[in-house]
Every structure is written in C-alpha cells, then in structure tokens.
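Asks: Coordinates only, no sequence provided:
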C-alpha cells in the first residue's frame with residue numbers, strides 16, 4: 001500500500017506568538033553562553049600575554065612561563081569546549097526555527113508542517129540532550145581560536161630558546177636550552193609538536209564531520 005500523505009498542521013495565532021517568544025528566549029540563552037565562550041578565550045590570550053612579558057623581560061629570563069601557559073591554554077580550551085556544548089543547544093534551536101519557521105513564513109507563508117520539522121523540535125524539548133560530542137566541540141574551538149593561540153605560544157617558546165640568552169649556534173644548543181628539570185629537551189619539544197599535530201588532526205576530522213552534519217541540518221533531519 002502507498003504511504004499515506006502526511007497531514008499538515010496549521011498553527012493558530014496564539015501558537016505563532018508563543019513560538020516567537022520561544023525564539024527570543026533561545027536567542028537570549030545562546031547570547032549568554034556565547035559571552036561565556038569569549039571569556040575563556042580572553043583568559044587564554046591574557047595568560048599568553050603575561051607569559052610573554054615574563055619570558056622576554058630580559059635575556060636571562062626563563063622560558064618556563066611560555067611552557068606552562070601552554071598547559072593552561074589547553075585546560076581553558078577543554079573548559080570552553082564544555083561551555084560550547086551548552087551554547088550549541090540554544091544556538092541550534094534558534095537557527096532551526098529561523099530556517100523552518102520564520103524563513104518560510106516570510107517567503108510564501110507556507111510553514112511546510114508536512115515535513116515534520118516541528119516534531120523534530122518538539123522531541124528536542126521533550127528529551128533535551130547535547131547535539132554534539134565533546135570531541136566535536138573541542139575540534140570546533142581548535143579551528144576557531146585555539147590552534148592559532150597555541151601556534152603563537154609554540155613560536156614564542158622556540159623563539160625564546162633560539163635568541164636568549166644569546167643566539168643559538170646549533171639545534172643541539174636549542175634542545176639543551178629546552179631541558180626542564182629532569183625532562184630532556186628533546187622530549188619537551190617533541191611533546192609540544194606532537195600535541196600541535198594532534199590538535200590539527202582533531203580540527204580536520206571534526207571539520208569533515210561538521211560538513212556532513214550541515215547537510216543533514218539543511219534537510220531538516222537534525223538540529224545540530
């Protein structure tokens with residue numbers, strides 16, 4: 001038997017007004033969480049600036065602050081990724097209503113409720129959940145801000161080792177200056193480059209996943 005056509009649902013004026021207020025609420029919540037994202041990014045930049053001031057204050061100053069600030073930036077990155085998962089819930093709902101409610105209303109007045117977009121939104125309110133994993137959130141924050149922040153931090157650390165207290169004459173001398181307590185300089189530098197490579201890989205992997213997710217969202221099959 002052929003599938004029965006989906007029934008269209010017509011919204012009343014009161015329901016349309018309620019949806020408009022709901023949209024305003026989602027935009028407000030996403031704005032609040034967006035501000036929290038900016039806060040952790042600002043902390044990262046300010047911390048890096050402070051490390052610059054300490055390490056480059058004199059040729060004899062230690063490069064250790066630049067190394068430690070890298071660890072702090074990574075911690076802030078994961079904190080921001082956690083906040084981003086909350087932000088994405090409100091952002092996705094607001095964007096979903098823009099695409100499936102406001103845009104069709106402004107275009108031809110047909111809300112296309114036979115496509116069941118309203119049911120997708122209703123399920124998200126019935127059973128709220130994150131739309132993306134922590135891995136995806138980390139990848140997005142790396143692509144947006146943190147890869148560049150960490151690249152600057154690494155460049156500054158290498159630059160400090162090369163030019164202070166005097167210009168290094170060889171790679172072996174740079175590695176020797178990277179010694180940190182009992183940890184060999186080659187281990188310190190290797191770990192730093194390995195972490196940068198891992199973060200770049202995460203950014204690339206999640207970018208490919210996001211492209212697929214965007215295609216699903218445009219078809220109305222997902223809020224994420």
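Replies: Sure, I can see it. Here the structure is a predicted model, which means the values were calculated and not measured.
Asks: so who does the residue nearest in space to the middle of the chain touch?
Replies: What sits nearest the mean C-alpha location of the chain, by C-alpha atoms, centre = their mean, is residue 141, with 2.4 Å. Shown in contact with residue 141 (C-beta atoms under 8 Å, 6 or more residues apart in numbering): 77, 80-81, 84. All C-beta spots, glycine's among them, are computed from the backbone N, C-alpha and C.
Asks: Likewise for residue 186?
Replies: So residue 186 contacts 175, 178 (C-beta under 8 Å, 6+ apart).
Asks: do the same with residue 53
Replies: Listed by C-beta under 8 Å, 6+ apart, residue 53 has no contact partners.
Asks: name the element it belongs to?
Replies: helix 13-55 (DSSP states H and E).
Asks: Including neighbour count, could the contacts of residue 141 go into CSV?
Replies: Shown next, in CSV, are the contacts of residue 141 (neighbours: other C-beta atoms under 10 Å):
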residue, neighbour count
77, 23
80, 25
81, 23
84, 23
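Asks: which one of those is nearest residue 19?
Replies: residue 84 (25.8 Å; C-beta to C-beta).
Asks: May I ask you to confirm that the closest one is in contact with residue 37?
Replies: Yes - using C-beta atoms under 8 Å, residue 84 makes contact with residue 37 at a distance of 6.1 Å.
Asks: buried residues in the helix or strand hosting residue 198?
Replies: Secondary structure from DSSP H and E places residue 198 in helix 185-218. By neighbour count on 16 or more other C-beta atoms under 10 Å, the buried set for helix 185-218 is 185, 188-189, 192, 196, 199, 202-203, 206, 210, 213, 217.
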